[in-house]
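Enquirer: requesting a structural model of the entry that follows:
(one chain, ligands or ions: 1)
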Amino acid sequence: MGGDGVTPDELFLGSDAGNAAYREAMESATETVLESVVDGENPYSGQPPDVLAEQFDDPVIPETGVGLDETIEAVGEHVLAHSVDPSNGRCMAHLQCPPMIPGLAAEALLTAANQSLDSFDQAPAATVLEGRVVDALCDLFDLPSDGDGVFTGGGTESNFQALLLARDRCCSQRFDHDVQADGLPANADSLRVLCSDAAHFTAKQAAHHLGLGENAVVTVATDDEGRIDVTALDATLAELRARDREPFALVGTAGTTDFGSIDPLSALADRAGDHDLWFHVDAAYGGALAVTDHRALLDGIERADSVAVDFHKLFFQPISCGALLLRDGDEFGWMSRNAAYLNPAGHDDAGIPNLVAKSVRTTRRFDALKPYVAFRSLGREGIAALVESTLELADGAATLLDDVDDFERLHEPTLNTLVFRYRPHDGMDDRAVSRLNAAIRHDLLHDGRAVVARTEVDGVTSLKFTLLDPTATLDDVAATLDVLRDRGASVVAERGAVV
Ligand SMILES: *Cc1c(COP(=O)(O)O)cnc(C)c1O
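Expert: From the prediction side, this is the model:
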């Protein structure tokens, strides 16, 4: 397909020419993926940002196009070849999963169909199917039959929307104040959200976006295993009450970002009941346990007012794909609105579901198709086996770390993260260890043989594996430890005692 002379027919589906062009373009895209992304020996090429930038000197908006073939080829060479490869066994930094093939196929289907979930007339079957998937998810988490939900772009959006509904319900019920119409009430600065100090930063971000400010989030200490300390929570609640603050939401985390810890959700549900709090469970990461034999770790989630779950993490679906589930679908009412052209008020459209009022978005992707295709094709057991294999790998990796002298492991794995430090000899103090691990991790970006995350534990820079790849093996973990050792040795050699 050349730059000039390409006809509209060849750019859109529908005609013979367009359909043939689609097939050709998708084949070419597929070949490019197979050659450029998954072909590499290493998970990253190791190129720094300035070298990457030099590749894109050509004008982004040329006067005359260069054609699709050449553009796809260049994307393979300049973008995909320098992309981090989550399907490589030594890519183990973040909650960035290898996307499973059923999900990639679903992604191709849903983008071609280009349904928009805001109104039924833009997405008839998709609207109905999203509802079916949401119902199945409510069942999966044992939410009651009037549960409901909506697909979101991920945990950030789900947490935001949950706290928005919680804020508006509280203001209505406690202060008889309509936030949707009148904005924040005069006493808004007394509103408080509670979560642990290991909760995801998006709780604070949401408080900011909701006009409450980050200081409205009160964090409660965690125990040695990274779970919220319930005694400390009780003390915090009592103190807030004594100071006439208005706690309205309690966020429990099922799968913290560093240690993968799961808060005691039943105990939190009790507190939420006692104190009239909206109980939100951020299960963006750990929600996948619901399909496994480890379901009991989530006990209490069925008592949540809302649950955030991500499919683009431990459910192995391509980005982006998350859901917000509500125990009572009527709570969507706090954000309902009517647009004359999407879901007009009145009875003309009785019985026609228009989902626009359930989402903070308008135009919305049919992401629900991805978990649908994955669940249908593999079944619960098939997905469970994948999740379980990553948990087993984390257990194996923990043993591997224990068996060597130069690494120290900082916690027991709950999910599949492992936080640890390189400490080549016992005498090295924490400040030196901190600098050494920071330097290793920095050098690793330019190495590319492994992709590992960094975090801080008690002020000391540490390293982290997030083992989301069901095809990764203990050999991959061992090879990654060798790379870390190798980088560590170079740092020590270059900087010597300065470390
Ligand atoms: C990933 C994550 C988030 C943020 O979700 P996105 O999908 O990145 O928007 C929030 N909370 C937890 C616990 C997470 O793991």
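
Enquirer: quick one: contacts for the residue in the stretch 1-150 of the chain positioned nearest to the ligand?
Expert: Nearest residue of the stretch 1-150 of the chain to the ligand (C-beta to the nearest ligand atom) works out as L95 at 5.2 Å. Where you see a C-beta, it was placed from the backbone N, CA and C, and this is true even at glycine. Listed by C-beta atoms under 8 Å, 6 or more residues apart in numbering, the contact partners of L95 are 257, 284-285, 310, 313-314, 466, 468.

Enquirer: shouldn't it be within a strand?
Expert: No. Going by DSSP: H, G, I helix; E, B strand; the rest coil, the assignment for L95 is coil, not a strand.

Enquirer: let the chain start at 37 from now.
Expert: Okay, using 37 as the starting number, the last item reads as L131.

Enquirer: get me the contact residues on the stretch 287-436 of the chain for the ligand.
Expert: For the stretch 287-436 of the chain, the residues in contact with the ligand (C-beta under 6 Å from any ligand atom) are 289, 291, 293, 318, 320-321, 346, 358.

Enquirer: I'd like the distance between S72 and V111.
Expert: 8 Å (C-beta to C-beta, to the nearest Å).

Enquirer: more neighbours: which of the two?
Expert: Using other C-beta atoms under 10 Å, the more surrounded residue of S72 and V111 is S72, with 20 against 14.

Enquirer: thought that one was touching D121?
Expert: No. Counting by C-beta atoms under 8 Å, S72 stays clear of D121, with 9.7 Å between them.

Enquirer: residues making contact with stretch 263-279?
Expert: Contacts of stretch 263-279 (C-beta under 8 Å, 6+ apart): 228, 230-232, 234, 254, 256-259, 283, 288-289, 297-300, 303-304, 307, 311.

Enquirer: which among the residues you listed count as buried?
Expert: 228, 230-232, 234, 254, 256, 258, 283, 288-289, 297-300, 303-304, 307, 311 (16 or more other C-beta atoms under 10 Å).

Enquirer: tell me which of those fall in helices.
Expert: Members of the buried ones among the contacts of stretch 263-279 lying in helices (criterion: DSSP state H): 303-304, 307, 311.

Enquirer: give me the buried positions along stretch 242-254.
Expert: Buried residues in stretch 242-254 (16+ other C-beta under 10 Å): 242-243, 246, 248, 252-254.

Enquirer: any stretches of the stretch 337-486 of the chain with poor pLDDT?
Expert: By pLDDT under 70, the weakly predicted segments of the stretch 337-486 of the chain are 382-385.

Enquirer: show me what contacts the residue in it that the ligand sits nearest to?
Expert: At 4.7 Å from the ligand, D346 is the closest residue in the stretch 337-486 of the chain, using C-beta to the nearest ligand atom. Applying C-beta under 8 Å, 6+ apart, we find D346 in contact with 131, 190-191, 194, 320-321, 323, 357-358.

Enquirer: one more pass at 10 Å, please.
Expert: For D346, the contacting residues are 131, 133, 188-192, 194, 291, 318-324, 353, 355-359, by C-beta atoms under 10 Å, 6 or more residues apart in numbering.

Enquirer: okay, and which of the residues you listed map to strands?
Expert: Under the assignment DSSP state E, the contacts of D346 contribute 188, 318-319, 358-359 to strands.

Enquirer: related to what we said a few turns ago, just the ones in strands from the buried residues of stretch 242-254, please.
Expert: 253-254.

Enquirer: quick one: which of the buried residues of stretch 242-254 is nearest F402?
Expert: The nearest member of the buried residues of stretch 242-254 to F402, counting by C-beta to C-beta, is A242 at 25.2 Å.

Enquirer: okay but that closest one is in contact with G249, surely?
Expert: No. A242 lies out of contact with G249 (C-beta atoms under 10 Å); the separation is 11.1 Å.

Enquirer: still on that earlier bit, closest to D483 out of the residues of the stretch 287-436 of the chain next to the ligand?
Expert: Nearest member of these to D483, counting by C-beta to C-beta, is T293, at 24.0 Å.

Enquirer: find the helix or strand that the closest one is a member of.
Expert: Here T293 sits in a region with no helix or strand, counting by DSSP states H and E.

Enquirer: ok, and the closest non-adjacent residue to it?
Expert: The shortest distance from T293 to any non-neighbouring residue, by C-beta to C-beta, 6 or more residues apart in numbering, is to H236 (6.1 Å).

Enquirer: am I right that the one you found is in a strand?
Expert: No. With three-state DSSP as the criterion, H236 is assigned coil and is not in a strand.

Enquirer: and the helices in this structure, which stretches?
Expert: Under DSSP H, the chain gives helices at 52-72, 85-90, 104-110, 137-149, 160-176, 191-211, 215-218, 238-245, 266-278, 301-311, 405-438, 466-481, 510-531.

Enquirer: what sits up against the fourth one?
Expert: By C-beta under 10 Å, 6+ apart, the surrounding residues in contact with helix 137-149 are 49, 58, 62, 65-66, 69, 133, 135-136, 159, 161-162, 347-348, 351-355, 357, 401-414, 418.

Enquirer: from these, which would you call buried?
Expert: 58, 133, 135-136, 159, 162, 347-348, 351-355, 357, 401-411, 414.

Enquirer: domains in this structure, by residue range?
Expert: 44-119, 152-401, 415-530 (automatic domain parsing).

Enquirer: pick the most buried one from these.
Expert: For these, the largest average neighbour count (mean count of other C-beta atoms under 10 Å) is found in domain 152-401, namely a mean of 20.

Enquirer: gap between it and the chain center?
Expert: Taking C-alpha atoms, centre = their mean, to the nearest Å, one finds the center of domain 152-401 at 14 Å from the center of the full chain.

Enquirer: with stretch 56-63 instead?
Expert: 31 Å.

Enquirer: what about that stretch, average pLDDT?
Expert: When pLDDT is averaged over stretch 56-63, the result is 98.

Enquirer: stretch 190-204 now?
Expert: For stretch 190-204, the per-residue pLDDT averages 98.

Enquirer: now check it, is it near the ligand?
Expert: Yes. Using C-beta under 6 Å from any ligand atom, we find that stretch 190-204 touches the ligand at 190-192, 195.

Enquirer: near the ligand, which residues of the stretch 87-236 of the chain are found?
Expert: Going by C-beta under 6 Å from any ligand atom, the residues of the stretch 87-236 of the chain near the ligand are 131, 190-192, 195, 236.

Enquirer: what's the farthest-apart pair in those?
Expert: L131 and N195 (14.5 Å).

Enquirer: anything in contact with each of S72 and V111?
Expert: A117.

Enquirer: roughly how far apart are D462 and D442?
Expert: 10 Å.

Enquirer: also I137?
Expert: 38 Å.

Enquirer: one more: Q83?
Expert: 29 Å.

Enquirer: got it, and S152?
Expert: 54 Å.

Enquirer: same question, R373
Expert: On the measure of C-beta to C-beta, R373 and D442 end up 59 Å apart.

Enquirer: repeat for Y321
Expert: Distance from Y321 to D442, by C-beta to C-beta: 29 Å.

Enquirer: and the pLDDT for L325?
Expert: At L325, pLDDT is 98.

Enquirer: just the one 10 residues further on next, same as before
Expert: The per-residue pLDDT reported for D335 equals 98.

Enquirer: nearest residue to it in space, please, no chain neighbours.
Expert: Nearest non-adjacent residue to D335 (C-beta to C-beta, 6+ apart): S302, at 5.6 Å.
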